[in-house]
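Undergrad: take a look and give me a structure for this.
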Amino acid sequence: MNAPLPVNALHPQLADARGRIKRKLRLSLTDRCNFRCHYCMPEHPKWLPKPEILDRAEMLQLVRLFVTELGMRELRLTGGEPLLRKDVVELVADFDTLRTEGLERIAMTSNASRLVQLAQPLADAGLDDLNISIDAIRADRFRELTRADIGPVLAGIDAARAAGIPVKLNCVAIRDYNDDELLPLARWAMEQDLPLRFIEFMPLDGRGDWRAERVIGEAEILERLARQHHIERLPRTNEPATYYRLDDRHSIGIISTVTNPFCTSCDRVRLSSTGGLYNCLFSPTALDLREPLRAGADAAAMLASIRGHVWNKEAGYAEKPGYVERPITMHHLGG
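TA: Down below sits the predicted model:
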């Protein structure tokens, strides 16, 4: 049974029944991607028809609603691969206009393959920072994992740094997939002075390959790093990652969604490229915002629906671990 909305439901903050305040909106710009990482992408993906994808004006309208009426302060653009969206620079510029209405940060998660062309335009448009996915540093292993070349990725990282965009690296750690690359990648990140975060393999992969035994947990990642580095744990923050300092100089984060879920402090909601609002990464269903938006629904009615949907957010993965049965996969929703 759904919990009743609180008396102060019209307060600008967006909250759930467990007292978690939502401040971060993750927006998928497209389901398309030019890589084929198997924990995200099905073997034979079926792309969404273009009419189902929110257009530029619709995305701005929804994000404005979340910022001005629901207190979102941070926006992260995801995919698929967001840089494949032709109007990505224009979208960032659109969202940048919302800073006067309360938006504080515009971030992006990308595979970096098109950043050589787009890093400076994105910086000029208002992009604040980038998380770049990279699961191997050796060229042949990278191609084996992604079916793509690592050269454009490394060049894209350089282009982002040259444009003044702060960069973090993300690596999904999977046993018998890229576990031989964890230490070399950490060493390379240290040489490049780039923060690196390892992410535990989550049961959301596009091909149904997840198994508990394939998860390289936080404790094991630390044990592997400790073979070559001195490790110091840093104070915990509200971020999903727990951070460590390697050799007294370099930052390493671990997002332990499986072995140590951070659900009790979750402060984000997710909007798919088709306008589906997911109140949790593991939610089986979404609230459709596209159809009421296109039908000219009253803003007050949409806000009430959003608040009700988020208010009834479940405890999260910590309460119900394992696979979620749903038609949408990670390349539709974003990480």
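Undergrad: now the element after the lengthiest helix in the chain, going C-ward?
TA: Ranked by number of residues, the top helix in the chain under DSSP state H is helix 56-70. The element immediately downstream of helix 56-70 (helix or strand, assigned by DSSP states H and E) is strand 74-78.
Undergrad: in the very next helix or strand once past that next one, what's buried?
TA: Along the chain past strand 74-78, the next helix or strand (assigned with DSSP H and E) turns out to be helix 88-96. For helix 88-96, the neighbour count (16 or more other C-beta atoms under 10 Å) marks 88, 89, 91, 92, 93, 94, 95, 96 as buried. C-beta coordinates here come from the backbone N, C-alpha and C atoms, glycine included.
Undergrad: quick one: helix 88-96 to strand 74-78, angle?
TA: 170 degrees (axes from the mean of the first three to the mean of the last three C-alpha atoms, to 10 degrees).
Undergrad: any chance you could list what contacts helix 88-96?
TA: Defining contact as C-beta atoms under 8 Å, 6 or more residues apart in numbering, one finds that helix 88-96 is touched by 29, 56, 59-60, 63, 75, 77, 82, 85, 103, 106, 108, 118, 121-122, 125-127.
Undergrad: buried subset of those residues as a PyMOL selection?
TA: In PyMOL, a selection of the buried entries from the contacts of helix 88-96 looks like this (16+ other C-beta under 10 Å):
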select buried, resi 29+59+60+63+75+77+82+85+103+106+108+118+122+125+126+127
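Undergrad: what does the longest helix of the chain rub up against?
TA: Under the contact criterion C-beta under 8 Å, 6+ apart, helix 56-70 has outside partners 12-14, 22, 25, 27, 29, 54, 72-73, 75, 87, 90-91, 94-95, 98, 101-103, 271, 275, 289-290, 293-294, 299, 302-303, 306-307.
Undergrad: export that helix as CSV, just CAs?
TA: Extracted in CSV, the C-alpha atoms of helix 56-70 (Å, rounded to 0.1, in the frame of the first residue of the first chain):
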residue,chain,number,x,y,z
ARG,A,56,15.3,19.4,-26.9
ALA,A,57,12.4,21.6,-25.8
GLU,A,58,10.7,18.8,-23.9
MET,A,59,13.9,18.0,-22.0
LEU,A,60,14.4,21.6,-21.0
GLN,A,61,10.8,21.8,-19.9
LEU,A,62,11.0,18.8,-17.7
VAL,A,63,14.4,19.7,-16.2
ARG,A,64,13.2,23.2,-15.5
LEU,A,65,10.2,21.7,-13.6
PHE,A,66,12.6,19.6,-11.5
VAL,A,67,14.9,22.5,-10.8
THR,A,68,12.4,25.3,-10.1
GLU,A,69,9.6,23.4,-8.4
LEU,A,70,11.3,20.3,-7.0
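Undergrad: give me the buried positions along it.
TA: For helix 56-70, burial by neighbour count (16+ other C-beta under 10 Å) applies to 59, 60, 62, 63, 64, 65, 66, 67, 69, 70.
Undergrad: do stretch 306-313 as well
TA: Buried residues in stretch 306-313, counted by 16+ other C-beta under 10 Å: 306, 307, 309, 310, 311, 313.
Undergrad: low-confidence ranges, the stretch 1-150 of the chain, go.
TA: Along the stretch 1-150 of the chain, the parts satisfying pLDDT under 70 run over 1-11.
Undergrad: quick one: the helices in it?
TA: In the stretch 1-150 of the chain, the segments counted as helices under DSSP state H, counting those that start in this stretch are 56-70, 88-96, 115-125, 139-146.
Undergrad: for residue 263, find the nearest of these.
TA: Closest approach to residue 263 among those is made by helix 56-70 (20.4 Å; C-beta to C-beta).
Undergrad: next, the angle from the closest one to strand 74-78.
TA: 150 degrees.
Undergrad: residue numbering should commence at 47 henceforth.
TA: Got it, first residue is 47 now, which makes that one helix 102-116.
Undergrad: how far off centre is helix 102-116?
TA: 19 Å (C-alpha atoms, centre = their mean, to the nearest Å).
Undergrad: about what we covered before: relative to residue 196, which of the buried residues of helix 102-116 is nearest.
TA: Nearest to residue 196 out of the buried residues of helix 102-116 is residue 105 (C-beta to C-beta; 30.8 Å).
Undergrad: kindly provide the distance from the nearest residue to residue 305 once chain neighbours are set aside to residue 65.
TA: Excluding the flanking residues, the one nearest residue 305 by C-beta to C-beta, 6 or more residues apart in numbering is residue 263, at 3.9 Å. Distance of residue 263 to residue 65, given as C-beta to C-beta, to the nearest Å: 28 Å.
Undergrad: and residue 71, by the same measure?
TA: Distance of residue 71 to residue 65, given as C-beta to C-beta: 19 Å.
Undergrad: likewise for residue 184?
TA: From residue 184 over to residue 65 the distance is 45 Å, taken as C-beta to C-beta.
Undergrad: out of the two, which sits in the busier spot?
TA: Taking other C-beta atoms under 10 Å, residue 184 and residue 65 do not tie; residue 184 has more neighbours (15 against 8).
Undergrad: pull the contacting residues for that one.
TA: 227, 230.
Undergrad: picking that back up, now which of the contacts of helix 102-116 would you call buried?
TA: If we count by 16+ other C-beta under 10 Å, the contacts of helix 102-116 have these buried: 60, 68, 71, 73, 75, 100, 118, 121, 137, 140-141, 144, 149, 317, 321, 335-336, 339, 348-349, 352-353.
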